[in-house]
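# how does the following fold in three dimensions:
(chains A and B)
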Amino acid sequence: ETGVTQTPRHLVMGMTNKKSLKCEQHLGHNAMYWYKQSAKKPLELMFVYNFKEQTENNSVPSRFSPECPNSSHLFLHLHTLQPEDSALYLCASSQDLDRHYGYTFGSGTRLTVV
Amino acid sequence: RKEVEQDPGPFNVPEGATVAFNCTYSNSASQSFFWYRQDCRKEPKLLMSVYSSGNEDGRFTAQLNRASQYISLLIRDSKLSDSATYLCVVSFNDMRFGAGTRLTVKP
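Model prediction:
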């Protein structure tokens, strides 16, 4: 596989459920990101990891918990979400934090909280 | 003022038309600039980087005006397949995305 792979593609979960989103990149990049995209809004940066260390947390509620076991894998653990958390969650990677060459995005997980 | 502001659109143009998108950014220290394309219910994909001298890739031309903090994307001879949302992206310490401009090219 190449590029950035996200699973699952679609997820419907209740407000009391616990689920995890997975992202894997095969590009040899050192930085990985989680973004949230809601309808008609700009992408919102959630978390940044560089060499598997978290470097940014953009005031994200604790019901979102990231995990980065190595430079190729990134998880987003979800628990007790709210309906307003329904959105497209995108994982991205870049060579390094300079972001000079832009990002490569995964295909996203479309999350619906019911 | 929003960090990255784009024409809200939507732009509805006929095939073969020339269409231009504008984008302004608020952080004068921004260093890298990009246009991304996002198809409906898909992820954003890098269309092109934007360089100070301006750059062209086939039917697409991007320009940067640092003094006015302004970026543009010109699409010539538009095709049906150009229909998408175009995101302006500006990078300083992190990447800041515009909300996007929706383009629909009609037969």
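# low-scoring stretches of chain A, by residue?
Counting by pLDDT under 70, chain A shows low-confidence ranges at A:1-2.
# interface residues of it facing chain B?
Contact residues, chain A versus chain B (CB under 8 Å from any CB of the partner chain): A:40-43, A:45, A:48, A:56, A:88, A:90, A:99-108, A:110. Using the backbone N, CA and C atoms, a C-beta is placed for each residue, glycine as well.
# tell me the buried residues within these.
With neighbours counted by 16 or more other CB atoms under 10 Å in any protein chain shown, those contain buried members at A:42-43, A:45, A:48, A:88, A:90, A:99, A:102-108, A:110.
# farthest-apart pair in the residues you listed, please.
The most widely separated members of these are A:99 and A:110, with 25.1 Å between them, by CB to CB.
# list the buried residues for stretch A:10-30?
A:11, A:13, A:19, A:21, A:22, A:23, A:24, A:25, A:29, A:30.
# same question for stretch B:9-29.
Using 16+ other CB under 10 Å as the test for burial, stretch B:9-29 gives B:9, B:11, B:13, B:19, B:21, B:23, B:24, B:25.
# ok, what's across the strand from the last one?
Okay, so that is residue B:25. Note on residue B:25: beta-bridge partners by DSSP bridges are residue B:4.
# pretty sure it contacts residue B:31?
No - using CB atoms under 8 Å, residue B:25 makes no contact with residue B:31, being 11.1 Å away.
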